[in-house]
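Student: mind folding the following:
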Amino acid sequence: MYLHKSFQLLRMSPLIGALLLFQFIISTSPANAGWQQVESPTSNRLFSVHFISENDGWAVGEQGTIIHYDGSNWQLVESPTSVRLSEVHFNSATDGWAVGRWGTILHYDGSCWQVVCSDSSLGSLTSVYFTSVNSGWVCGNKCVSYSYDGFIMHYDGEDWTVVYYESEAGWRSLYFISEDEGWVVGLGKYVGGVGCLSAAHYTNGEWHPIFLPYEAEWFVDVYFISPGNGWATAAPGCSGPEAALTWHYNGTDWNPVENPAPDDSYGIGGIYFVDENDGWTVGTRSTSDGFIMHFDGTSWSLAESKIGGCLYDVYFINSDNGWAVGSLGTILKYQDGTGVKNGKKRSSNSPENYTLSQNYPNPFNSTTTISYSIAKPAETKLEIFDLQGQQIRVLLNGMKPAGFYSLTWDGSDNEGKPVSSGVYLYQLRAGNLTRTNKCILIN
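Tutor: Next up is the predicted model:
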């Protein structure tokens, strides 16, 4: 009806008709394309966000704030604590964890949140990560004689135990590539003639301190795409504004990477990668405004330069659906409904690159979806392997035309038998190109 009237007016007055037709085109375009602020049920700062599925997300923050997203709205959830909560992590819809100040650890069993640890002697717990239902990790720091000592705790299915302690190194963030390999980063300590102890690497059942250049003194968050491809964000610290704010691990060394963060940046917070060519990070300016940067596989670009409120964390469900949280209860949602990212038009059926996205959900306990794209027609194979390189399942093997695709894995092998909980690799081969990601199955 509206469109019909627009054409009537166009015949009557070309100028008026053209303006109304333009208004119609704008009003029928995706209203939520790009980053948009959504209604929040709290004015408290939100420090961490995590999604189990597109319609099931959680965020935590100061004063014990816990909020839940049900696919339509964010709502406050009853919290058993009033302390600041730093991070939230879910293994499944009925198995979630959150950590915070005064040694606080919360567990969600599908019905309510409960306190499982509250030990003020532990100081502040800052990050939590699970590689399986019975294997979890927490890092934190506590103030000792005007400095911060860092520690790491491990959960074996029954108890939490401190397994690694480093004086004057305040650990901030954890990430595990598999059950046998992980990283922790944080506020480093200077060691003359050696460097700055800002990270530790978990291999062969032990934590090993990693010394970095002196300007890598204050790491904030860490994310790994594969064992030889990791990223960390940082704050200026004592080195001042010249300190690098994004760092990349190439399998051997950590190196600073240029980025277009505003000159008045206080630092960069959360970081998340959908795949090696699609990464996001958020930060805060001295004006208490937030900014967002995107990585396209080659370089970082400034996606949003001034958003009201500090931004602390970011999480993506897939390349077209992400969330960010920050101060004053700020919640931002990203949807790429226009097919445009960083000024480049994407065809709905003609991808520019070969991509293999992170499976979703991950971890998963029944089925998970794996999305990929083929730039040109090619013989294509998608396989599941265990960490020893043994083939578990062939999901696809044949010629595929160019396009975007998704398929599911139900956690079974080639004989239809369920495989055990653990970390698995899924690999896409298309022509001469190979892409590999990891996924975590929890039975």
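Student: where do the helices of this structure begin and end?
Tutor: Listed from the start of the chain, the chain has helices (DSSP state H) covering 2-12, 14-27.
Student: weakest of these by average pLDDT?
Tutor: Mean pLDDT is lowest for helix 2-12 out of the helices of the chain, coming in at a mean of 33.
Student: now for the nearest residue to His154 once chain neighbours are set aside, how many residues are close by?
Tutor: In space, not counting the residues next to it along the chain, His154 is nearest to Val163; the distance is 4.8 Å by Cβ to Cβ, 6 or more residues apart in numbering. Bear in mind the C-beta positions are built from the backbone N, C-alpha and C, glycine included. Using other Cβ atoms under 10 Å, Val163 has 14 neighbouring residues.
Student: isn't Val163 right next to Asp156, touching?
Tutor: No: with contact defined as Cβ atoms under 8 Å, Val163 and Asp156 do not form a contacting pair (10.1 Å).
Student: so what sits against both of the two?
Tutor: Common contact partners of Val163 and Asp156 (Cβ atoms under 8 Å, 6 or more residues apart in numbering): none.
Student: what distance do you get for the residue nearest the centre of the chain to Phe224?
Tutor: Among the residues of the chain, Tyr272 comes closest to the average C-alpha position under Cα atoms, centre = their mean, at 3.2 Å. Tyr272 sits 11 Å away from Phe224 when distances are taken as Cβ to Cβ, to the nearest Å.
Student: quick one, what contacts Asp278?
Tutor: Listed by Cβ under 8 Å, 6+ apart, the contact partners of Asp278 are 294-297, 316, 319, 355, 357.
Student: Arg435 versus Ile384, what's the distance?
Tutor: When distance is defined by Cβ to Cβ, Ile384 is 14 Å away from Arg435.
Student: overlap in contacts of the two?
Tutor: Shared contacts of Ile384 and Arg435, counting by Cβ under 8 Å, 6+ apart, come down to Gln427.
Student: coming back round to it: pick out the lowest-pLDDT one from the contacts of Asp278.
Tutor: Across the contacts of Asp278, the smallest pLDDT goes to Thr355, namely 82.
Student: my read: that residue touches Asn437, true?
Tutor: No: contact between Thr355 and Asn437 fails when scored by Cβ under 8 Å: they sit 10.4 Å apart.
Student: identify the contacts common to those two.
Tutor: Shared contacts of Thr355 and Asn437, defined by Cβ under 8 Å, 6+ apart, are found at Asp275.
Student: circling back to that earlier point, buried only: go through the contacts of Asp278 for me.
Tutor: For these, burial is judged from neighbour counts taken by 16 or more other Cβ atoms under 10 Å, and it is met by 294-295, 316, 319, 355, 357.
Student: how close does the nearest residue to Gly100 once chain neighbours are set aside sit to Gly416?
Tutor: Nearest-residue entry for Gly100: Leu85, 4.0 Å, with adjacent residues in sequence omitted and distances by Cβ to Cβ, 6+ apart. According to Cβ to Cβ, Leu85 stands 42 Å off from Gly416.
Student: neighbour count: the two, which is higher?
Tutor: Counting neighbours by other Cβ under 10 Å for Leu85 and for Gly416 shows that Leu85 has the greater number, 28 against 8.
Student: which ones are touching the more buried one?
Tutor: Under the criterion of Cβ under 8 Å, 6+ apart, the neighbours of Leu85 are 47-48, 60-62, 64-66, 79, 98-100, 104, 106.
Student: before we move on, what about Arg435?
Tutor: 275-276, 354-356, 372, 427-428.
Student: repeat the analysis, applying 6 Å as the threshold.
Tutor: Going by Cβ atoms under 6 Å, 6 or more residues apart in numbering, Arg435 touches 356, 428.
Student: ok, Val274 next?
Tutor: Neighbouring residues of Val274 by Cβ under 6 Å, 6+ apart: 316, 319, 357-358.
Student: if you set the cut-off to 8 Å instead, what comes out?
Tutor: For Val274, the set of contacting residues under the criterion of Cβ under 8 Å, 6+ apart consists of 280, 316, 318-319, 357-358.
Student: so it versus Tyr360, what's the distance?
Tutor: Separation of Val274 from Tyr360 (Cβ to Cβ): 9 Å.
Student: which residues do those two both contact?
Tutor: Counting by Cβ under 8 Å, 6+ apart, the residues touching both Val274 and Tyr360 are Asn318.
Student: so where's the stretch 201-350 of the chain shaky on pLDDT?
Tutor: Judged against pLDDT under 70, the low-scoring parts of the stretch 201-350 of the chain cover residues 214, 237-244, 337-350.
Student: returning to what we had before: in CSV, list the buried ones among the contacts of Asp278 along with distance to Thr252.
Tutor: Formatted as CSV, the buried ones among the contacts of Asp278 follow (distance: Cβ to Cβ, whole Å):
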residue, distance to Thr252
His294, 26
Phe295, 20
Phe316, 27
Ser319, 29
Thr355, 25
Ser357, 27
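Student: just the ones of those in strands?
Tutor: Here DSSP state E is the test, and these give 294-295, 316, 355 as lying in strands.
Student: how about CSV for the residues you listed, with distance to Thr126 added?
Tutor: Putting these into CSV (distance: Cβ to Cβ, whole Å) gives the following:
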residue, distance to Thr126
His294, 25
Phe295, 24
Phe316, 21
Thr355, 32
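Student: between these, which sits nearest Val423?
Tutor: Sorting those by how near they are to Val423, with Cβ to Cβ, puts Phe316 at the top with 20.2 Å.
Student: how about the closest one: what's its closest non-neighbour residue?
Tutor: Closest residue in space to Phe316, ignoring its immediate chain neighbours: Gly322 at 3.8 Å, by Cβ to Cβ, 6+ apart.
Student: list the contacts of that neighbour.
Tutor: Under the criterion of Cβ under 8 Å, 6+ apart, the contact list for Gly322 reads 272, 280, 314-316, 333-334.
Student: of the residues you listed, buried ones?
Tutor: Neighbour counting with 16+ other Cβ under 10 Å marks 272, 280, 314-316, 334 as buried within the contacts of Gly322.
Student: list the beta-bridge partners for the residue nearest to Phe316.
Tutor: According to DSSP bridges, Phe316, Tyr334 are recorded as the beta-bridge partners of Gly322.
Student: and Val49, how many neighbours does it have?
Tutor: Val49 is flanked by 27 other residues according to other Cβ under 10 Å.
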